[in-house]
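S.K.: Show me how the following folds:
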Amino acid sequence: MKLSKILIYLIILVAVAAYLYLVEIKYKEKQDAAEKRSKKIVQVEKDKIVEIDLESQDKGKIELKKPGDTWVLTAPVKAKADEAAIGTLLSSVAEAEAEKVVLEKDVKWEEYGLDKPEFSVNLLAADKTTTISFGARNPAKTSYYLRAGDDPRLFLVADTLRNALNKTAFEVRDKSVLGVAPDQVERIVITKDGHETELKRGTGDKWTMVNPEQTRVKSQVIRQSLINLTNLTARQIIDIPEREGDPYGLDNPADKILLSGKDLDQTLLIGKTEAKQAKPGPAGDRYVRVQGHDMVYLVDGRVLKEMKTDPQEIRDRSLLTFKPLEIRRVEIELDGKKWLAVQGDDRKWTLEQPEKRQLVDAWPITGMLWDLKDLEWKQVTKPLPPDLASVHLDKPRLVVSLSGKDNKEPLVLKASWEPVSPKKEEISSQDEKKGAEGDKQAEVAPPTKPVEKPAATGPPTSPPGTTVPPTINVIVDPHEEGNAMFIVDGGFIDRLRGDLDKLAEKK
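M.R.: Coordinates of the predicted model:
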């Protein structure tokens, strides 16, 4: 076959394909779109609607307008509208389809409750108003008869459509109490029972307590509390609150929360628990008000109760601050052995000490790093005792050194303890249980001093380091607490030993 004929056939094939696409397929798509539009009860684009009126015999009249980019409620009160609620309402209207057309024309509207409808929706778009009215229920009580503007047809629609549109003013208004985004807040002052806790945002979204003391706090806890607070919504809004007798406990509240930042200064006043819920048990709804505004809100009291405000509760007790995935060199001295693991640029670990081994399992090292990162101190002693021997830290039993890729100053932990015999350990464990409550409240603890022991007359004691007491003494360099010694749960030593044993296992 000649090349010229092949080209002619190809041209014909391309022409046929183009015809099928442009004429047949496109025409079918347009037909389907037109058929879909014809099934819609309201022939209006939701983005062009600028006013919605809901008229209900039992809920009154509600007016919503969109003078600019956002919706506002203009009646029965003037307030911001709930954009999400309005979006859902508009979608329900624009996508509404009839279950069936009951009559095509000559409808006696009064027979279907549509001469004086119980509920109507008026939509204004481009100077054109469309009204849909809901009449009586069908005999099965599952649907409603509906009339759409000047359309001569009688429709039957699902009751879910009426329920989606017949809203109260409260349901379509903005219920946010503060109207603030979390990232706008740079300072928080929490006053609870007359005690103030002040927090400030630092770099990298880190939070610091500056009052009643300067210290680190659990930034994730603060961030979550701030998200919950800024998302606080009203369960009830009292637009015209009572004035006499301080019925809401907001004239001189003991609890309040100040949020400030650039162009932001709002104080949330926290009042009484709602009277019918003022009883023991779960936190009841609380009355709140934004200082400088008259409107009173009733909010879920659990959100306020769950906010962490106790300085000791939100204080960051992390012993080591580092990112496990950024550590490239781990040195550990424990039980007379030295361990050295190094991560290469290929992210694989090799063991250099106590013996040279290539490509060791990463998970024991990862486990150690996360265990160290999660360590929290129970008590802190400041300043560090001048005589380290008095707290067994002149010759630490454990030394951990962690370095990153940047080879900056390593993070070093040194720990020591007095070996405990099994019998003595049992007694210490009982003593610790008795003083557990005191440990929770203590902030500054005296150094652990050595116990005078009589000269050994019997068999030698267990080898040093084989038995660890419930708490041990630790120093970390560098640490934000500065010149300090920490009391830490000794249980992590056994976990560390276990990970080191797994690291040493040969396949």
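
S.K.: Now Leu103: closest residue in space that isn't a chain neighbour?
M.R.: Leu154 (4.3 Å; C-beta to C-beta, 6 or more residues apart in numbering). In this view, the C-beta of every residue, glycine as well, is placed from N, C-alpha and C.

S.K.: The one you found and Ser92, how far apart?
M.R.: Relative to Ser92, Leu154 is positioned 20 Å away (C-beta to C-beta, to the nearest Å).

S.K.: who's more crowded, these two?
M.R.: Each of Leu154 and Ser92 has its neighbours counted (other C-beta atoms under 10 Å); Leu154 has more, 24 against 17.

S.K.: Start and end of stretch 478-495, how far apart?
M.R.: End-to-end distance for stretch 478-495: 24 Å, by C-alpha to C-alpha, to the nearest Å.

S.K.: buried residues in it?
M.R.: Neighbour counts over stretch 478-495 (16 or more other C-beta atoms under 10 Å) mark His479, Glu481, Ala484, Met485, Phe486, Ile487, Val488, Gly490, Phe492, Ile493 as buried.

S.K.: Which pLDDT value does the model give the second one?
M.R.: Translated: Glu481. Looking at Glu481, its pLDDT is 80.

S.K.: And it, how close does it get to Pro383?
M.R.: 10 Å.

S.K.: Which strands and helices lie in contact with the lengthiest helix in the chain?
M.R.: Counting by DSSP state H, the longest helix found in the chain is helix 3-19. Of the remaining helices and strands, none touches helix 3-19 by 3 or more C-beta pairs under 8 Å, 6 or more residues apart in numbering; DSSP states H and E.

S.K.: what about it, distance to the chain center?
M.R.: Between the centre of helix 3-19 and the centre of its chain there are 61 Å (C-alpha atoms, centre = their mean, to the nearest Å).

S.K.: send the alpha carbons of it over as PDB?
M.R.: These are the backbone C-alpha positions of helix 3-19, laid out as PDB (Å, rounded to 0.1, in the frame of the first residue of the first chain):
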ATOM      1  CA  LEU A   3       2.300   5.900   1.800                       C
ATOM      2  CA  SER A   4      -0.100   8.400   0.400                       C
ATOM      3  CA  LYS A   5      -3.100   6.100   0.900                       C
ATOM      4  CA  ILE A   6      -2.000   5.300   4.400                       C
ATOM      5  CA  LEU A   7      -1.900   9.100   5.200                       C
ATOM      6  CA  ILE A   8      -5.400   9.500   3.700                       C
ATOM      7  CA  TYR A   9      -6.800   6.700   5.900                       C
ATOM      8  CA  LEU A  10      -5.200   8.200   9.000                       C
ATOM      9  CA  ILE A  11      -6.700  11.600   8.200                       C
ATOM     10  CA  ILE A  12     -10.100  10.000   7.800                       C
ATOM     11  CA  LEU A  13      -9.700   8.100  11.100                       C
ATOM     12  CA  VAL A  14      -8.700  11.300  12.900                       C
ATOM     13  CA  ALA A  15     -11.700  13.200  11.400                       C
ATOM     14  CA  VAL A  16     -14.100  10.400  12.500                       C
ATOM     15  CA  ALA A  17     -12.600  10.400  16.000                       C
ATOM     16  CA  ALA A  18     -12.900  14.200  16.300                       C
ATOM     17  CA  TYR A  19     -16.500  14.000  15.100                       C
END
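
S.K.: Quick one: the helices in the stretch 351-500 of the chain, in order.
M.R.: Using DSSP state H, counting those that start in this stretch, the helices of the stretch 351-500 of the chain run over residues 363-373, 422-434, 436-441, 491-504.

S.K.: pLDDT of the second one, averaged?
M.R.: Averaging the model's pLDDT scores along helix 422-434 yields 50.

S.K.: Does the most centrally placed residue in the chain belong to a helix, a strand or coil?
M.R.: Geometric centre of the chain, nearest residue: Gln224, 5.0 Å, by C-alpha atoms, centre = their mean. Of the three states, Gln224 takes helix under DSSP: H, G, I helix; E, B strand; the rest coil.

S.K.: With Lys218 as the reference, measure out to it.
M.R.: 9 Å.

S.K.: do the same with Gln358
M.R.: Applying C-beta to C-beta to Gln358 and Lys218 gives a distance of 40 Å.

S.K.: ok, what's across the strand from the residue lying closest to Arg357 once chain neighbours are set aside?
M.R.: Counting by C-beta to C-beta, 6+ apart, Arg357 lies nearest to Leu351, which is 4.2 Å off, once chain neighbours are set aside. Following DSSP bridges, Leu351 is listed with bridge partners Ala341, Arg357.

S.K.: My guess is Leu351 contacts Leu340. True?
M.R.: Yes: when contacts are counted by C-beta atoms under 8 Å, Leu351 is listed as touching Leu340 (7.3 Å).

S.K.: Compare those two (neighbour count), which wins?
M.R.: The neighbour comparison of Leu351 against Leu340 (other C-beta under 10 Å) goes to Leu351, with 20 against 16.

S.K.: roughly how far apart are the more buried one and Arg329?
M.R.: 12 Å.
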